[in-house]
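J.: Kindly generate the corresponding structure for this input.
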Amino acid sequence: MRRFTWVVVPLLLGCSRTADVSIRMRTEGAGLERSLSSRGDDGLLAAIRGAVSEAYGAEDPDRATAVFVADLPGEFGGSGFQRGFESELGRAWVYSERLQPARSLSATVSEVSATCERACDLYAGWLRWELDELPQFERALDEIGPELRGRSKDLALLLALPFAAGPSPQDENLRGWPLVAHELLELGFVSLEELPALERLTDQDDSEVAAWFLARLRRLLATELEVAADDPAFGFLRDGASLVASWRAWIAAGGGRDVPEPPAADSDPSEALEPLMHGLNLIELWADRTRVEVSLGTGVEPLLTNGEFDPVSGEVRWPQAEIESRTYQPLYRYAYWAVPDEEAQYACFGRVALERERLFEYALWRAGLEPWEAAEWNRCLASLAGSESPAFELERFRFPAAHQLPPDLEPADEHQGPPRGAQLVIQALKAD
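T.: Numbers count the residues shown, from 1 in each chain. Okay, here's the model as predicted:
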């Protein structure tokens, strides 16, 4: 007989293996220097070490450093991209990385919904087999059945889709659980007054925890069916052994044959929940885990990021997270920033004028110029050295129409104004 654990996930303790990986990045020329260090269980790190050895060309995959100018190595099965867009006035940077392989959000929702439907079908069929003689059973099942099906999916999706549970808690492992606890309070399954008693259960063995849960289940069923909690009909909920014996007797009598993948004859009631618990990563709360933390030296505060910028170190940092979670937790990290070339801007404007959003947009514009356009623009910038009114000079700048458009198109309208890059510099110069 399996260990009776189907009702209390927090007691699924066991030997666990851990590994920790740290990734630190900083800009290096047009690329990112990426340094990876790891420690922990050799089995968990085997695949990562193989990927690191190949991508970094490192003899020691636990201490590896390499510069990546384009795509990032994807050591954990995900993907990463970075680009530095250089210009004469500064550089724009884009970093975007999903540490884990992609998971389909719609597929996750469908999978959770199907598993909840199967579990509800199994439990409804089993309870009908045990309680059908109570005259109120079918009425109660008709009344609360649809709500329970909906609620079960909602609770499961709160854990499967961490971002749906609201702002991230201080402990990332708890994401989704506070709202699940609120839903259970709202359903009346537990009350805050019972927290001291529930806390004491953490020191008890499985049989005492099971006794508490079964007593609670008997009371809830008795309330819905308007009978006494000690009604003989609830005998199958007397203890764990009675529960499992009832489940197996129901299966032997043909129960569960009409659901997808019928339960085995030697299973217990946990069979209906195990696919969901594994799928939501609940069974693995204390199981093997590989944790990764990431930092990125930008030197300036990013325009956009989902990390935390530390102005002292000039780094964006993301909290440690588990990379093998099977919930929809893509572990996506990104940062967009721009670094001015102070020397070049002083030469052109006598000060640093173009920064942050304007510099980011300017650098992208500059990277998109044709070679002849870039040459014309460079001549314009060079002419600004020592100018008393660089903004005025830039307002007069236009690309030569003969070169700007193919011969079969009309020349550009001289009243259109200077090109976008020049406009951004003019705005920056006039901002103060």
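
J.: Residue 416: neighbour count?
T.: Counted with other C-beta atoms under 10 Å, the neighbours of residue 416 add up to 8. In short, each C-beta sits where N, CA and C put it, glycine included.

J.: Actually, residue 128.
T.: Neighbour tally, residue 128, other C-beta under 10 Å: 14.

J.: so for the helix or strand that it is a member of, what's the average pLDDT?
T.: Element membership for residue 128 (DSSP states H and E) is helix 105-131. The predicted model assigns helix 105-131 a mean pLDDT of 89.

J.: Just the C-alpha atoms of the helix or strand just after that helix, please, in PDB.
T.: Downstream of helix 105-131, the next assigned helix or strand under DSSP H and E is helix 137-160. Taking Å, rounded to 0.1, in the frame of the first residue of the first chain, the C-alpha atoms of helix 137-160 are listed here in PDB:
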ATOM      1  CA  PHE A 137     -26.800  13.300  -2.200                       C
ATOM      2  CA  GLU A 138     -27.900  13.800  -5.800                       C
ATOM      3  CA  ARG A 139     -29.400  17.200  -5.000                       C
ATOM      4  CA  ALA A 140     -26.300  18.400  -3.300                       C
ATOM      5  CA  LEU A 141     -24.100  17.000  -6.100                       C
ATOM      6  CA  ASP A 142     -26.200  18.900  -8.700                       C
ATOM      7  CA  GLU A 143     -25.900  22.100  -6.600                       C
ATOM      8  CA  ILE A 144     -22.300  22.100  -5.600                       C
ATOM      9  CA  GLY A 145     -20.700  19.900  -8.300                       C
ATOM     10  CA  PRO A 146     -20.300  22.600 -11.000                       C
ATOM     11  CA  GLU A 147     -19.000  25.100  -8.500                       C
ATOM     12  CA  LEU A 148     -16.400  22.600  -7.200                       C
ATOM     13  CA  ARG A 149     -15.300  21.800 -10.700                       C
ATOM     14  CA  GLY A 150     -14.800  25.500 -11.400                       C
ATOM     15  CA  ARG A 151     -13.100  26.100  -8.100                       C
ATOM     16  CA  SER A 152     -10.700  23.200  -8.500                       C
ATOM     17  CA  LYS A 153      -9.500  24.600 -11.800                       C
ATOM     18  CA  ASP A 154      -9.100  28.100 -10.400                       C
ATOM     19  CA  LEU A 155      -7.100  26.900  -7.500                       C
ATOM     20  CA  ALA A 156      -4.900  24.700  -9.700                       C
ATOM     21  CA  LEU A 157      -4.300  27.500 -12.200                       C
ATOM     22  CA  LEU A 158      -3.300  29.900  -9.500                       C
ATOM     23  CA  LEU A 159      -0.400  27.600  -8.900                       C
ATOM     24  CA  ALA A 160       0.200  26.600 -12.500                       C
END
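
J.: What are the buried residues along helix 137-160?
T.: 137, 140-141, 148-149, 151-153, 155-160 (16 or more other C-beta atoms under 10 Å).

J.: Repeat that for stretch 93-103.
T.: Residues of stretch 93-103 classed as buried: 93-95, 97-100, 103 (neighbour count, 16+ other C-beta under 10 Å).

J.: ok, residues contacting that stretch?
T.: Outside stretch 93-103, the residues that touch it by C-beta atoms under 8 Å, 6 or more residues apart in numbering are 25, 27, 32, 72, 76-85, 292, 294, 296, 298, 321, 323-326, 328-339.

J.: Where strands are concerned, which of those count?
T.: Among the contacts of stretch 93-103, the residues falling in strands (DSSP state E) are 25, 27, 32, 72, 79-85, 292, 294, 296, 321, 332-339.

J.: Buried subset of those residues as a PyMOL selection?
T.: Listed next is the PyMOL selection for buried residues among the ones in strands among the contacts of stretch 93-103, using 16+ other C-beta under 10 Å:
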select buried, resi 25+27+32+72+79+80+82+83+84+85+292+294+296+321+333+334+335+336+337+338+339
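
J.: one step back: can you name every helix or strand that the helix holding residue 128 contacts?
T.: Using 3 or more C-beta pairs under 8 Å, 6 or more residues apart in numbering; DSSP states H and E as the contact test, the elements touching helix 105-131 are helix 137-160, helix 240-252, helix 274-279.

J.: Between these, which one is closest to residue 430.
T.: Nearest of the helices and strands packed on helix 105-131 to residue 430, taken as C-beta to C-beta: helix 137-160 at 50.5 Å.

J.: By mean pLDDT, point me to the weakest helix or strand of this protein.
T.: helix 401-404 (a mean of 55; mean pLDDT, DSSP states H and E).

J.: after that one, next one along is what?
T.: helix 420-430.

J.: residues of that following helix that come out buried?
T.: Buried residues in helix 420-430, counted by 16+ other C-beta under 10 Å: 421-426, 428-429.

J.: Looking at the residues you listed, spot the one nearest residue 395.
T.: residue 426 (6.2 Å).

J.: show me where the stretch 251-400 of the chain has strands.
T.: Counting by DSSP state E, counting those that start in this stretch, the stretch 251-400 of the chain has strands at residues 289-297, 304-305, 308-310, 315-322, 332-340.

J.: And the fourth one, how far out from the chain middle?
T.: Translated: strand 315-322. 12 Å (C-alpha atoms, centre = their mean, to the nearest Å).

J.: what does that strand contact?
T.: Here strand 315-322 makes contact (C-beta under 8 Å, 6+ apart) with 20, 99, 172-173, 289-298, 302, 305-310, 329, 331, 333, 335.

J.: ok, back up a step: can you lay out the buried residues of stretch 93-103 as CSV showing distance to residue 124 and secondary structure?
T.: Output for the buried residues of stretch 93-103, formatted as CSV (distance: C-beta to C-beta, whole Å; DSSP: H, G, I helix; E, B strand; the rest coil):
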residue, distance to residue 124, secondary structure
93, 56, strand
94, 52, strand
95, 50, strand
97, 45, strand
98, 39, strand
99, 40, coil
100, 36, coil
103, 30, coil
